Each structure stands twice: as structure tokens, then as C-alpha cells.
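# dropping the sequence and predicted coords here.
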Amino acid sequence: NERLVELRKDLPSDVTIEPYIDMSDNILDVASSLKDTILTTFIVVMFVVMMMLGRWRAMFIIILTIPISMLSALIYLLATGSTLNIITMSSLSISIGMVVDNAIVVLENITSHVDRGARVKQAAIFATKEVGISVMGGTLTTIAVFLPLTMVTGMAGVLFNAMGWMVTITLTISTIAAVTFTPVLCSMMMKQNPKKSKIQKWVDKGMGGLENFYGRILNWCVNHRKTFLFGALALFALLRDTPKSVGLPELESSKTSLDAEDTPAARRAYVQKMVYKNPIVWALSIANFFVYVVRFSVLDWGPKFLTEACNMSYEKAGIAVAAFEIMAIIGTIVAGWVTDKFFAGRAHRTCLWCTVGAGVAMGAFYLFYLNPGMAPDWALIGVLAMAGFFIYGPQALVGIAVTNQATKKAAGTANGLVGIFGYLSTAVSG
């Protein structure tokens, strides 16, 4: 507004300039929201870490992760000439809730080792090795969601490229800090046997009771797997997710008229036909089950299997799982490009070829496992990397493929069915 006043002085008397739209209020609101988010994150993280771990030094180590990660995003803005706008500040708000996750996982494992009697420096080394691969794998999975935003073109690219880069860079730096900076600070700052207050002793007692309670429930579920599985399916079938079912008012509809055939009975019949009686949807669901078996088996049990069954070192096992995830990101992008370039959006064709490729790669891995002297460690790492390249294509595209088969009206039910099969695989891979 001050600039407008200056401009009006140089204009002819019959020409006026008036503001058409003023976005400054929205930007100031987002900036204020970001400030509140950062402050709230600091307070909540301090409280949770202090209550759960009972060490003020641990709280200080975790808090340092936030500014380090946020500074990396600001350096990106400075290097690219971008500005703090609604999109970039929203990206910081999204990231700030995730940057402390990895550091907390590493710190908690170090604290557990110290509480069991390990020396602080030894605990910092071995505890970080134990969870390092899991931390990096979890981060790569999250990055796989945001990194494709950096490749979007057109107006959407102008809006969301910066978001993709900022979240990716922030999470990458936070992970590096978690596996390097956090253990170093722990080895320098943590004490062997710190004194705990009465409140902390009460918290420890309550957490111990909660762990015992959870252990009993988990033990029952493991020993009664069929009862638990069918109970979960029955609960899922009985749940209702409409606003009316939970006492909320119905959502306003944008429709101006109601189709005579768009009745509950007609919709149920349509879903029955396009989903539950559609063999292609069932084939995609079963295929998704095996896709997730491979994925979760490698991520959850890969390091243990490679070190114990294949006699790999911890370093090579970590490289193998990391190669699986890195190639998975590349494979996801390539699968999407191939679907649009060669198959005209028919995702099920890409899923088929990717599944064949993943099957060949895992078959080669099994052959090498059965014949230990047949291939060196780098060959095992290579076939695992290729399995990751192929297996993430179907994971990313199965939703599109099943939506194409079930059509828009039944897409939600079809994707839900495919998702159930995917996460049921955890019972097998575990």
C-alpha cells in the first residue's frame, strides 16, 4: 500500500491504481501459523522426551535436530532464489513434524543400551548400527512420496516443485543428523546412571505396566492368529464411515439433481459387479499381497537374513537394503513414465511386467542363497537392488490399475480391497 501511494504521485490525474487482490494477509497468517507450529513442536518434543527418557540431555540433543534440518531448507531457498511464500512455509510446517522422528528412534535405542549397562560410547555405536538401516529405509519411503513432486511440469510444477525439494532435503538432512550427529552428542553428553526424580520413576512404572499389558495382548494375538484375523475382518465389515453413522451432519453435495438409478441398492449392485465379481480386481489384490510380502520381508528381515543366513557383514547388509530402497524410488518413477509413454495409462500392463521382473530377481536371489559359493556378495546386492526396482512399480500403480477396472464409482471399495491384501502380507512376511 505504501508503494501504491508513491506510484500514484507519478500518474496522470485521470489514471488511478487500486489493489485488486491482497494476499499479504494470507501470507502473514501462514507465517504466524508456522511460528506457532515450531514453538508447539519444541514444547511437545521437550515434554515427551523428558517424560519418556527422563534425561534433560536427551531432550537437548533432540531439540537440536529441528533447527539443523530447518536451516537446510532455508539454504535451499537461498541457493535457488526462492522466497518464503505460502507453499514453502507450508512445506516447513509439514516437515517439522517429521524431522525429530529418526533422532528419537536412535536416541531411544542408545538410552536402552545405556540403561542395560553398556558404556555410553559403545551404546552410541552399536545402538545406531542396529536401527540405522530401519531409519534410512523409513525415510526413503517418505521421500518416495514427495520426490515425484519435483518432476511435475506446468502450473502444478510451479506450485509444488519447491515443496517436493524442501521436504526431501529436510528429511534427508534430519536422517543424516540422526545417524551421525545424534550418536556423537550422546557419547559426549549422556551420563551412565543419571538420577531420576520421583515423577520420572512414576512414569517408568506406568510405561512398564503398559509394556507388560501390550506384551500380553500381543502374545494372545500371536497364539490365536485365526481368531484375531477373523475378528479384525468382522470389525472392518461392521464399521461404518459415513458422517451420519457417527452422529455428524451429512456433507453438502454439489449435485443439483439425483440420478434415478443412483440409489443405495443400485450402488451396492454396481460395486458387487465391478469389484467383488470382477476377476481382474481379485487378481490385482492377490498380486498386491505378494508385492508387499517381498517389500516387508526385505525391509524388516533383510539385514538379519543377510548377516545370519548369507554370512554378510553388517555393512554389506546395510548397503543391500539401502540399494533395494534407492532402486525402488527409481523404479517407481520409471514405471509411471513407461505407463504413460508406452501403455497409454494402462497401469495393469506395467504391473504385470514389473511383477515378472521382480520374480526373476527374487528367483536369482534364492538360487544364490541355495548355492553359497555360486555368487559373491555384490551379486546378491545387485539382484536385491533389481528386485526393489521392479517391486515398487506395482505398489505405486496398483491403485491406478484397480481404479481403471472398477471405474470411479467403485474406486474406493476396490482400493480398499487391494490395500487389505497388501497389509495382510505382513502376517506372512513376519
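Noted; the coordinates are in hand.
# Thr168 and Ile96, how far apart?
Applying Cβ to Cβ, to the nearest Å, the value for Thr168 to Ile96 is 15 Å. Any C-beta I mention is one placed from the backbone N, CA and C, and that applies to glycine too.
# if I look at Thr263, how far off is Ala73?
51 Å.
# show me where the stretch 51-200 of the chain dips below the pLDDT cut-off.
Applying pLDDT under 70 to the stretch 51-200 of the chain picks out residues 54, 194, 197.
# for it, just list every one of the helices.
In the stretch 51-200 of the chain, the helices defined using DSSP state H, counting those that start in this stretch lie at 56-80, 86-96, 99-115, 120-146, 154-176, 182-189, 198-223.
# now the longest one: buried residues?
Residues of helix 120-146 classed as buried under the neighbour-count rule (16 or more other Cβ atoms under 10 Å) are 120, 123-124, 127-140, 143-144, 146.
# same for it, what does it pack against?
Applying 3 or more Cβ pairs under 8 Å, 6 or more residues apart in numbering; DSSP states H and E, we find helix 120-146 packed against helix 99-115, helix 154-176, helix 182-189, helix 279-308, helix 314-342.
# pick the most buried one from those helices.
Mean neighbour count (mean count of other Cβ atoms under 10 Å) peaks for helix 99-115 among the helices and strands packed on helix 120-146, with a mean of 23.
# what angle do that helix and helix 182-189 make?
If you take axes from the mean of the first three to the mean of the last three Cα atoms, to 10 degrees, helix 99-115 sits at 50 degrees to helix 182-189.
# let's see the pLDDT reported for Thr227.
Thr227 is assigned a pLDDT of 90 by the prediction.
# for Leu233, see how far away it is.
11 Å.
# same check on Leu77?
Noted for Leu77: a distance of 48 Å to Leu233, by Cβ to Cβ.
# okay, these two: which has more neighbours?
Leu77 (18 against 12; other Cβ atoms under 10 Å).
# next one: stretch 332-349 to chain centre, how far?
From the chain centre to the centre of stretch 332-349 is a distance of 23 Å (Cα atoms, centre = their mean, to the nearest Å).
# kindly export that stretch (C-alpha atoms) in PDB.
C-alpha atoms of stretch 332-349 as PDB (Å, rounded to 0.1, in the frame of the first residue of the first chain):
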ATOM      1  CA  THR A 332       8.600 -46.100  -9.200                       C
ATOM      2  CA  ILE A 333       9.400 -43.100 -11.400                       C
ATOM      3  CA  VAL A 334      10.300 -45.300 -14.400                       C
ATOM      4  CA  ALA A 335       7.100 -47.400 -14.000                       C
ATOM      5  CA  GLY A 336       5.000 -44.300 -14.100                       C
ATOM      6  CA  TRP A 337       6.800 -42.900 -17.200                       C
ATOM      7  CA  VAL A 338       6.500 -46.300 -19.000                       C
ATOM      8  CA  THR A 339       2.800 -46.500 -18.200                       C
ATOM      9  CA  ASP A 340       2.100 -43.100 -19.800                       C
ATOM     10  CA  LYS A 341       4.600 -43.300 -22.600                       C
ATOM     11  CA  PHE A 342       4.000 -46.900 -23.900                       C
ATOM     12  CA  PHE A 343       0.800 -48.200 -22.400                       C
ATOM     13  CA  ALA A 344      -1.400 -45.200 -22.700                       C
ATOM     14  CA  GLY A 345      -2.200 -45.100 -18.900                       C
ATOM     15  CA  ARG A 346      -3.000 -48.900 -18.700                       C
ATOM     16  CA  ALA A 347      -1.200 -49.400 -15.400                       C
ATOM     17  CA  HIS A 348      -2.000 -53.100 -15.200                       C
ATOM     18  CA  ARG A 349       0.300 -53.900 -18.000                       C
END
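# okay, now Arg57: neighbour count?
16.
# that one contacts Met190, doesn't it?
Yes. Using Cβ atoms under 8 Å, Arg57 makes contact with Met190 at a distance of 5.6 Å.
# can you report phi and psi for Thr153?
phi -110, psi 180 (degrees, to the nearest 10).
# no wait, Val15
The phi/psi pair for Val15 (degrees, to the nearest 10) is phi -120, psi 130.
# middle-most residue in the chain, spatially?
Thr142 (3.5 Å; Cα atoms, centre = their mean).
# once you drop chain neighbours, what's closest to it?
Nearest residue to Thr142 in three dimensions, chain neighbours excluded: Leu171, at 6.0 Å (Cβ to Cβ, 6 or more residues apart in numbering).
# return the residues in contact with the one you found.
Neighbour list for Leu171: Ser69, Ser95, Met98, Val99, Thr139, Thr142, Ile143, Phe146 [criterion: Cβ atoms under 8 Å, 6 or more residues apart in numbering].
# got it, and Ser425?
Contacts for Ser425 were tallied using Cβ under 8 Å, 6+ apart; they are Phe289, Phe290, Val291, Tyr292, Val293, Phe296.
# do you know how far the residue nearest to the third one when sequence neighbours are not counted is from Met327?
So that's Val291. Excluding the flanking residues, the one nearest Val291 by Cβ to Cβ, 6+ apart is Pro394, at 4.9 Å. Relative to Met327, Pro394 is positioned 14 Å away (Cβ to Cβ).
# so which of the contacts of Ser425 comes closest to Tyr369?
Nearest to Tyr369 out of the contacts of Ser425 is Val293 (Cβ to Cβ; 16.4 Å).
# shaky segments in the stretch 251-400 of the chain?
251-262.
# one more pass at 50, please.
Residue ranges of the stretch 251-400 of the chain with pLDDT under 50: 253-260.
# just checking, Val294 touches Ala387?
Yes. Contact criterion Cβ under 8 Å: Val294 and Ala387 qualify, at 6.5 Å.
# any residues in contact with both of those two?
Joint contacts of Val294 and Ala387 (Cβ under 8 Å, 6+ apart) are Ala358, Met362.
# for the residue nearest to Val291, what are its contacts?
Ala287, Asn288, Val291, Ala335, Thr350, Cys351, Cys354, Thr355, Ala358.
# next one: Val203 from Met52, what distance?
Separation of Val203 from Met52 (Cβ to Cβ): 7 Å.
# hmm, I typed the wrong one, I wanted Met189.
17 Å.
# next one: Pro279
With distances taken as Cβ to Cβ, Pro279 is found 50 Å from Met52.
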